[in-house]
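Everything below, folded, please.
(2 chains)
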Number of protein chains: 2
Amino acid sequence: MNDFGNIDDAVLAALGDIVGDRVSTGKSVRDLHGRDLSFHHDTAPDAVVFPETTDEVAAIVKVCAAHRVPVIPFGAGSSLEGQLMAVHGGLSLDLSGMNKIGELNEGDMDVTVEAGVTRLQLNHHLHNTGLFFPVDPGADASLGGMAATRASGTNAVRYGTMRDNVLNLTAVLADGSIVKTGGRARKSSTGYDLTRLLIGSEGTLGVICELTLKLHALPETTSAAVVSFPELEGAVKAVMTTIQSAIPISRIELLDEVQVGAVNSYSGLDYSEQPTLFLEFQGSESAVAEQVKIVGEICSDNGGGDFRWASKQEDRNALWKARHDVAYANMAMRPGAKPWFTDVCVPISRLAENILEARKDIDASGLTAPIVGHVGDGNFHTTILIDEDNTGEMDRAREFNDRMVKRAIASGGTCSGEHGVGIGKKEFMELEYGTGVAVMKTIKRALDPDNILNPGKIVDT
Amino acid sequence: MNDFGNIDDAVLAALGDIVGDRVSTGKSVRDLHGRDLSFHHDTAPDAVVFPETTDEVAAIVKVCAAHRVPVIPFGAGSSLEGQLMAVHGGLSLDLSGMNKIGELNEGDMDVTVEAGVTRLQLNHHLHNTGLFFPVDPGADASLGGMAATRASGTNAVRYGTMRDNVLNLTAVLADGSIVKTGGRARKSSTGYDLTRLLIGSEGTLGVICELTLKLHALPETTSAAVVSFPELEGAVKAVMTTIQSAIPISRIELLDEVQVGAVNSYSGLDYSEQPTLFLEFQGSESAVAEQVKIVGEICSDNGGGDFRWASKQEDRNALWKARHDVAYANMAMRPGAKPWFTDVCVPISRLAENILEARKDIDASGLTAPIVGHVGDGNFHTTILIDEDNTGEMDRAREFNDRMVKRAIASGGTCSGEHGVGIGKKEFMELEYGTGVAVMKTIKRALDPDNILNPGKIVDT
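Numbers count the residues shown, from 1 in each chain, chains lettered A, B, ... in the order given. Here you go, the predicted structure:
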């Protein structure tokens, strides 16, 4: 365990020299920064600082390095595995004030933003350009946070994850140095891929301050559909065939029968309470028509019925709002319960068995837990609704999560497709990566020898 | 500078214990392993070993680590920036005997191969599966070498580069440990991205021994066309508009007028000697027809004329053979001259000016150098044809390359889009990455403290 420094008057004075009054040790501010959307217990930092420039971040990190104070980057507070918990105390670096959108290159379809810019803010800014940024993890997360946790979401099946959509990053390293990881060329074969090394590093290797993002052309036409299946295998088979047919579907989401029930109750809908796919098609009018026809046939061939098409904007909005509201729908299933959002990702050929086994485990355990997934990527989530005061229930939830994660890894998958490691999945890293964990520790020690950058996350050194 | 060990009798005996007679110090074998397709002077290793398994590679690296002998991975010998030159002596690790194709998961569209498997061998193996591996750097390179140099090629505009098409790697690190970087899930948000760290590391961080690759569905229909433009700007503008229109074009290659002349002479063709695009469209029949129509209009709007369509397989083969034979066509322009293949990559909005300035520099210098590019990515190549005995000419070539690279970096681009750094582009790393180079050196030192893995490439430590 490190011997971390405290945020004493000397540190506060040094921070004040950099940011003036944009530093706080007030309880409510600290509490707000020790809380995310995860199931993990809130752990507040000792102070919060609100930098407005990369240079300020560099100066702050230098102060923290000199005093061995942990630095925990904070974006929108929407992480799901405790990434922003101050488990060793320290300083929360709230980047929400770094929210300027910089150079927009429409010809190159890229834009440079500060880390605190949120995805909705960016897409609003892009209004009328014909371009958009596709990665959508659900919450209105900050783009810096999305890069730090390698976020993805419903559109990833077509547009990729943050790994695929960042051209370069500017980050502050543990010694306070500022590094820009590359230029704006669409590809490069030079040097170690520092961009990808920082993406997904959850603030443990550097504080992401600026990003240049790939943008995409808005599609001419969009269509959506909901289709239900008598058996989960049929739904997954339809997904596999769609992907194998190289159909550039933009979203393909699976809700299990419990999840459909929750959505029906919450959103006042009447979908069949069966395994159900939410589909979205984008492209030119004729391309969408062709995709719709082929995927319709694929679904029918696999037992899918009760199609509901939504070509009109308002119908699509209602459909995707129901999908986006899944978290609320789940919480409404058991008022007062706390939701534990967990996810895994497996090769798609192993998806049906992983979901079915998860459902069997849930039912056997007596837990309440709907299943929903970005199944085109082999990624699914369960929301376990827990009465925190019931220790037996908590134990059963932990046991279930453990079985689901181990099954995913044994299937050639990963302990998280998009929520990341944080503190919640750390215990599974060894099982997933074996000797790779030692390599990660070597890199962490080399780049952050005093372990001040978000200590206690991803790997322990 | 390191104090490297020699390959003495003790080392040879230890290697013999691992691989039997699959180790050689014969001059012709060594010479063959100190030669690639680059302009750099041949630099032979002191010995060559031919491992057949990852465990053998691990044992060999352990011997080299114990004796501080440099280890230089060798795939197919098709690198272009001197990546395999034994600049500090040492042992060439010829991976061509590791050519087994392992598990093919058609449902998941992935395959695991040993590093020595070549791209043509893999695609031959996939015959009749309806799947293919798209990354095509021209040469029949080994897939391990392609990963190590982050290769791309003509299809990258649609299918991405090696960075995007590797699911996981198994590599031997400098201490002889074997690391598998991940599973087969299509995405993961867990841990540092060791896969991407090794891709493009040119053997300096680990010896890539096995790879799991993403496969893609063979398109239903393919069509191709050649179209020429009176001005280069028009051709580049057509490319930009095509990309911005989200048309999933599978290849879009630009040949400048000098390059077209060389192709005409070599392949007995009669294209207009003007800036020319070679285009390929893939997809369903109606999707291809639609793409062809839209791109045809875009080209016409930008001054393109003299369209030649090739829908029949044999016409397409002739067209792409002419494109693939560019290297030979260039060499035939000046028999006896040595070709210096160099490339840069820039944001596409800066492409026209970068190509035009390069052409102006070439013409002013009196050099012979056609220009061809994967322009959908902003990537272009020049082949400088040089009389090696003419020192003045060599100086002018160096000066030209230097100007072209610096212009690309100043445009927000990179000193190589797909050939890599090796020894040829090392001098530009500081200009391109600034403080990032120090980070790369820190990583290199941490993972290879004795600098035995392909020393002298990418960065010096």
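
use CA for all of it now, contacts and neighbours both
OK.

Now do A:Val236 against B:Gly107, distance only.
Using CA to CA, to the nearest Å, we find A:Val236 at a distance of 11 Å from B:Gly107.

More neighbours: the two, which one.
Using other CA atoms under 10 Å in any protein chain shown, the more surrounded residue of A:Val236 and B:Gly107 is A:Val236, with 28 against 15.

Contact partners for A:Asp136?
By CA atoms under 8 Å, 6 or more residues apart in numbering or on different chains, the contact set of A:Asp136 is A:Arg119, A:Ala151, A:Ser152, A:Gly153, A:Thr154, A:Asn155.

List just the nearest of these to chain B.
Minimum distance to chain B across the contacts of A:Asp136 is 7.1 Å, recorded for A:Ala151 (CA to the nearest CA).

did I read that right, the closest one in a helix?
No. Counting by DSSP: H, G, I helix; E, B strand; the rest coil, A:Ala151 is located in no helix; its state is coil.

isn't it right up against A:Glu418?
Yes. Between A:Ala151 and A:Glu418 there is a contact under CA atoms under 8 Å: 5.3 Å.

domains for chain A, by residue range?
A:1-218+A:424-461, A:221-312, A:328-423 (automatic domain parsing).

Throw these into CSV and include mean pLDDT, thanks.
Formatted as CSV, the domains of chain A follow (pLDDT from 0 to 100):
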stretch, mean pLDDT
domain A:1-218+A:424-461, 97
domain A:221-312, 93
domain A:328-423, 96
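
and B:Leu169, which of those is closest to it?
domain A:1-218+A:424-461 (11.0 Å; CA to CA).

just the strands in the stretch 101-250 of chain A please.
A:101-105, A:110-114, A:131-132, A:166-172, A:178-180, A:207-214, A:216-217, A:221-228 (DSSP state E, counting those that start in this stretch).

in its sheet, what does the third one sit against?
Spelled out, it's strand A:131-132. strand A:216-217 (antiparallel) (DSSP bridges).

Ok, the fourth one next?
Listed by DSSP bridges, the sheet partners of strand A:166-172 and their directions read strand A:178-180 (antiparallel), strand A:207-214 (antiparallel).

For A:Leu12, find the nearest of these.
Short answer: strand A:207-214, nearest of the strands paired with strand A:166-172 by CA to CA, at 19.9 Å.

remind me, longest helix of chain A?
For chain A, the helix with the greatest residue count under DSSP state H is helix A:391-410.

What's the first helix or strand after that one?
helix A:429-433 (DSSP states H and E).

Could you identify the helix or strand that succeeds that following helix?
By DSSP H and E, the next helix or strand past helix A:429-433 is helix A:436-447.

check whether that following helix contacts chain B.
Yes. Remark: helix A:436-447 sits within contact range of chain B at A:Gly436, A:Val439, A:Met440, A:Thr442, A:Ile443, A:Ala446, A:Leu447, by CA under 8 Å from any CA of the partner chain.

Out of those residues, the closest to A:Ala352 would be?
Using CA to CA, the residues of helix A:436-447 next to chain B come closest to A:Ala352 at A:Gly436, 28.3 Å.

any idea how far the residue lying closest to the closest one once chain neighbours are set aside lies from B:Lys214?
Computed as CA to CA, 6 or more residues apart in numbering or on different chains, the closest residue to A:Gly436 that is not its neighbour in sequence is B:Val179, at 5.5 Å. Counting by CA to CA, the gap between B:Val179 and B:Lys214 amounts to 20 Å.

and the stretch 51-200 of chain A, which residues reach chain B?
Within the stretch 51-200 of chain A, the positions adjacent to chain B are A:107-109, A:149-151, A:161, A:164, A:177-194, A:196-200 by CA under 8 Å from any CA.

Now, of the residues you listed, which are buried?
Buried members of these, counted by 16 or more other CA atoms under 10 Å in any protein chain shown: A:108-109, A:149-151, A:161, A:164, A:177-194, A:196-200.

Just to be sure, which of these are found in helices?
A:Asp164, A:Leu194, A:Arg196, A:Leu197, A:Leu198.

Chain B: which of those is nearest?
Within these, distances to chain B taken as CA to the nearest CA reach their minimum at A:Leu197, with 5.5 Å.

ok so, going back, where do the contact lists of A:Ala151 and A:Glu418 overlap?
Shared contacts of A:Ala151 and A:Glu418 (CA under 8 Å, 6+ apart): B:Ser189.

thinking again about what came up before, would you list the residues of helix A:436-447 next to chain B in TSV and tack on neighbour count and distance to B:Asn168?
TSV is the format used below for those (neighbours: other CA atoms under 10 Å in any protein chain shown; distance: CA to CA, whole Å):
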residue	neighbour count	distance to B:Asn168
A:Gly436	22	12
A:Val439	20	15
A:Met440	20	15
A:Thr442	17	19
A:Ile443	21	18
A:Ala446	19	23
A:Leu447	21	24
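
which one of those is nearest B:Gln282?
Nearest to B:Gln282 among the residues of helix A:436-447 next to chain B, with distances taken as CA to CA, is A:Gly436, at 38.7 Å.

who's in contact with the closest one?
Residues near A:Gly436 by CA under 8 Å, 6+ apart: A:Glu430, B:Val179, B:Lys180, B:Thr181, B:Leu194.

Including distance to A:Val57, could those go into TSV?
Listed next are the contacts of A:Gly436 as TSV, based on distance: CA to CA, whole Å:
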residue	distance to A:Val57
A:Glu430	33
B:Val179	35
B:Lys180	35
B:Thr181	32
B:Leu194	27
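
For the stretch 251-400 of chain A, just list every one of the strands.
With DSSP E, counting those that start in this stretch as the criterion, the stretch 251-400 of chain A has strands at A:251-255, A:276-283, A:305-310, A:338-345, A:371-374, A:379-386.
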